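S.K.: Need coordinates for the following:
(chains A and B)
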Amino acid sequence: MSALRMPRVASMQFKPFRTKGWGRIAFLVVTSVLMLVPMYLLIISAFKSQQDILQHPFSLSPDQLTTEYLRKAATNPDFNILKGYAVTILFVVSVNLLSVALAGPVSYVIARRSERRYRMLLLLFVAGTFIPSQVLVIPVVYTLKFLGLMGTIPGFVLFETTLTLPFSIFLYAGYIMTIPASLDEAAAVDGAGKHRVFWSIVFPLMKPAVVTMVILNTFSVWNDFVNPQIILGPGSGLYTVTTGVYAAVSQYSTDYTVVFPTLLLAVAPLLVVFVLLQRHVISGLTAGATKG
Amino acid sequence: MRARLTTLSMVGPALVLFVVMLVVPVCLSLYLSLTDWDGYSANPAFVGLKNYVSLTHSAEAIRAGWVTLLIAAVGTVLLSVFGLGFALLVNGASRLNAFFRIVLFYPHVLSALVVGFLWSAVLGTSGVVNGWLTSKGAEVLPFLSDPKWALVSLIAVLVWAGFGVNVVLYLAGLQTVSKDLLESARIDGASKRQTFFNVTLPALAPVVTVNLVLSLVTLLKTYDLVVSLTGGGPAGSTQTAAYLILWDSFHNNALGFGSAQSVVLMVITAGLALTVARLRASADRGVQG
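M.R.: Numbers count the residues shown, from 1 in each chain, chains lettered A, B, ... in the order given. Purely as a prediction, here's the structure:
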């Protein structure tokens, strides 16, 4: 086939298609506007009065904008947003660390051993993907009560970590299989133990897979609602960003001077992170998908 | 012996956590679904399959089941069509395409809860769009206050928030399409349509499977968006299975009945996902053979 390749001719033949590009771009511009309108409304409405939001929702008159409502939302007694950020970040970091520490070694064993029982182990973990976490949370409440961990930070972090295991182990094991086993055999000959071989030889090579999982886990822990709502509960006084938003917004759902600023404060950090890291986010997701 | 202990120390911690927090709860769910537990009493009575029988008589549960299946079926089709369509449109390395990809994808970064509150502020009876329509002297539209409109709005918001993921997955798939095959098809004089159906689509088959299974599993557990967009209303018309399960379990204290619904949802989710994966796999074999 390569003998038939005539790149120059081929590219010349293909040029006429390029002139049709304007329809495509116009269509994409219209779609982009539709995608961005809610975000535009969210941002500008956070600086407007209720009357202004309802009567002129789309217009932006600089002299009427005020940061008053945003400041009020930031100091809302029902929901301390700074504490919400801190609690959520604590959860994101703990779940990510624990998830890597637990899923890494087991994936290594699964990837390097060919016995049937290790294949069954992988299947067992992967089957976890099909169990909706909202369904799981009911019996988990009773398991946590039995362990004395209900309503506690360790209880929540352990459960949330468990939810990350199926996909992490699947992704890591697949990735480790692409790393030549001769590398770790050489280290083992030099006298390194299995743990040592994994953490100092294999783990550094898994970086792309780990980055992908950390990004995915960060989004899912930050955005989770039902698990923190039920496991931490209102009694614990611990609000994540999403459960805090729920507490603050569901009571004042028609007072848009509360709704929009609160929602903006909730999404702003993640949106900033996304814009800064978008290349890694999208390519990470892509890697996760083709491996999955 | 020592090697065994080492292996055990690598497998053990993850396995123990997985069994305690996932396998045991699933078994507990199976057991609870056979009792009349209310969440408080020390000795719940064993009632056999009674909860499953009442499930087949519960108009509310049956409606939630159909609503969930409708959302999953329509949603999966729309997500796949939009996903593949837009992936073809933004495929290719240019700055403009990179920008479009970010714009199509960004709602996925927001939590479903926030997305629901945002859209309910936009589409609600006294929301932004209706406020604007009123100020223009037009009639208010019942986006969230009419049962049929509310379900359509819910699906539309799900698609708005989710199809960017499918775009990204299809873009990943498009990278795997053989450049040589595309080029030789071009040289052989194949039309764009022929090339798409005979070269591109068969190469995308594995990604199609991933997309369908992922969308189905995600949509079957729709919950957060229902809470914040419609609250299950009006009159229960947008209650999904996950919504009703948590409502029955925690507000109605019908733990046994809620668990029976959970078991049914788990079985349906796993069954549908495996069926789709298997159908796609045999379709691929058909193409190759």
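
S.K.: Next up, the contacts around B:Ala270.
M.R.: Counting by Cβ atoms under 8 Å, 6 or more residues apart in numbering or on different chains, B:Ala270 touches A:Ala127, A:Phe130. (Each C-beta comes from the backbone N, C-alpha and C, glycine too.)

S.K.: give me that answer again for 10 Å
M.R.: Contacts for B:Ala270 were tallied using Cβ atoms under 10 Å, 6 or more residues apart in numbering or on different chains; they are A:Ala127, A:Thr129, A:Phe130, A:Ile131, B:Val217.

S.K.: just B:Val140 next, same as before
M.R.: By Cβ under 10 Å, 6+ apart, B:Val140 lies in contact with B:Thr125, B:Ser126, B:Gly127, B:Val129, B:Asn130, B:Gly131, B:Leu133, B:Thr134.

S.K.: quick one: secondary structure of it?
M.R.: Assigned by DSSP: H, G, I helix; E, B strand; the rest coil, the conformation of B:Val140 is coil.

S.K.: confidence score at it?
M.R.: Per-residue pLDDT puts B:Val140 at 85.

S.K.: How about the host helix or strand of B:Leu216 and chain A, touching?
M.R.: Assigned by DSSP states H and E, B:Leu216 belongs to helix B:201-220. Yes. Helix B:201-220 comes into contact with chain A (Cβ under 10 Å from any Cβ of the partner chain), by way of B:Pro206, B:Val207, B:Val210, B:Asn211, B:Val213, B:Leu214, B:Val217, B:Thr218, B:Leu220.

S.K.: And for stretch B:36-44?
M.R.: Yes. Stretch B:36-44 is in contact with chain A by Cβ under 10 Å from any Cβ, via B:Trp37, B:Gly39.

S.K.: and that stretch, how far apart are its ends?
M.R.: 6 Å (Cα to Cα, to the nearest Å).

S.K.: for stretch A:145-154, same thing?
M.R.: In stretch A:145-154, first residue to last residue: 12 Å (Cα to Cα).

S.K.: what do you get for stretch B:90-108?
M.R.: Start-to-end, stretch B:90-108 (Cα to Cα) is 18 Å.

S.K.: just stretch B:10-25 next, same as before
M.R.: Stretch B:10-25 has its terminal residues 23 Å apart, counting by Cα to Cα.

S.K.: residue contacts, B:Gly48?
M.R.: B:Gly48 is in contact with B:Leu34, B:Thr35, counting by Cβ under 10 Å, 6+ apart.

S.K.: Look up phi and psi at it.
M.R.: Backbone torsions of B:Gly48, given as degrees, to the nearest 10, read phi 70, psi -140.

S.K.: what's the spacing between it and B:Gln261?
M.R.: B:Gly48 sits 16 Å away from B:Gln261, taking Cβ to Cβ, to the nearest Å as the criterion.

S.K.: Now do the SS call for A:Ser59.
M.R.: Under three-state DSSP, A:Ser59 comes out as coil.

S.K.: And B:Phe46, its phi and psi?
M.R.: Dihedral pair for B:Phe46: phi -80, psi 120, per degrees, to the nearest 10.

S.K.: Next up, the contacts around the spatially closest residue to B:Phe250 that is not a sequence neighbour.
M.R.: Spatial nearest neighbour of B:Phe250, chain neighbours left out: A:Ile230 (7.2 Å); criterion: Cβ to Cβ, 6 or more residues apart in numbering or on different chains. Neighbouring residues of A:Ile230 by Cβ under 10 Å, 6+ apart: A:Gln134, A:Val137, A:Ile138, A:Val140, A:Val141, A:Met150, A:Gly151, A:Phe156, A:Thr243, B:Leu246, B:Ser249, B:Phe250.

S.K.: ok, 8 Å please
M.R.: A:Ile230 makes contacts with A:Val137, A:Val141, B:Leu246, B:Phe250, as judged by Cβ under 8 Å, 6+ apart.

S.K.: right, and out of those residues, which lies closest to A:Leu171?
M.R.: Nearest to A:Leu171 among the contacts of A:Ile230: A:Val137, at 23.9 Å, using Cβ to Cβ.

S.K.: Quick check: that closest one vs chain B, distance?
M.R.: 8 Å (Cβ to the nearest Cβ, to the nearest Å).

S.K.: and if you look at A:Phe203?
M.R.: 12 Å.

S.K.: same thing with A:Tyr172?
M.R.: 11 Å.

S.K.: Next, the contact list for that residue, please.
M.R.: A:Tyr172 makes contact with A:Ala103, A:Gly104, A:Ser107, A:Tyr108, A:Ala111, A:Met206, A:Ala209, A:Val210, A:Met213 under the criterion Cβ under 8 Å, 6+ apart.

S.K.: Let's see that with 7 Å instead.
M.R.: Counting by Cβ atoms under 7 Å, 6 or more residues apart in numbering or on different chains, A:Tyr172 touches A:Ala103, A:Gly104, A:Ser107, A:Met206, A:Ala209.

S.K.: Could you list every helix and strand in contact with the helix or strand harbouring the last one?
M.R.: Going back to what we said before, that points to A:Ala209. Using DSSP H and E, A:Ala209 sits in helix A:207-223. Here helix A:207-223 touches helix A:81-112, helix A:153-177, helix A:256-291, going by 3 or more Cβ pairs under 7 Å, 6 or more residues apart in numbering or on different chains; DSSP states H and E.

S.K.: One more pass at 8 Å, please.
M.R.: helix A:81-112, helix A:153-177, helix A:241-251, helix A:256-291 (3 or more Cβ pairs under 8 Å, 6 or more residues apart in numbering or on different chains; DSSP states H and E).

S.K.: quick check, the helix or strand just after it touching chain B?
M.R.: Downstream of helix A:207-223, the next assigned helix or strand under DSSP H and E is helix A:226-227. Yes. Using Cβ under 8 Å from any Cβ of the partner chain, helix A:226-227 reaches chain B at A:Val226.

S.K.: distance between helix A:226-227 and the chain's centre?
M.R.: 15 Å (Cα atoms, centre = their mean, to the nearest Å).

S.K.: same deal with stretch B:260-279?
M.R.: With Cα atoms, centre = their mean, you get 12 Å for stretch B:260-279.

S.K.: quick one: stretch A:273-284 near chain B?
M.R.: Yes. Using Cβ under 8 Å from any Cβ, a contact is recorded between stretch A:273-284 and chain B, made by A:Phe274, A:Val275, A:Gln278, A:Val281, A:Ile282.
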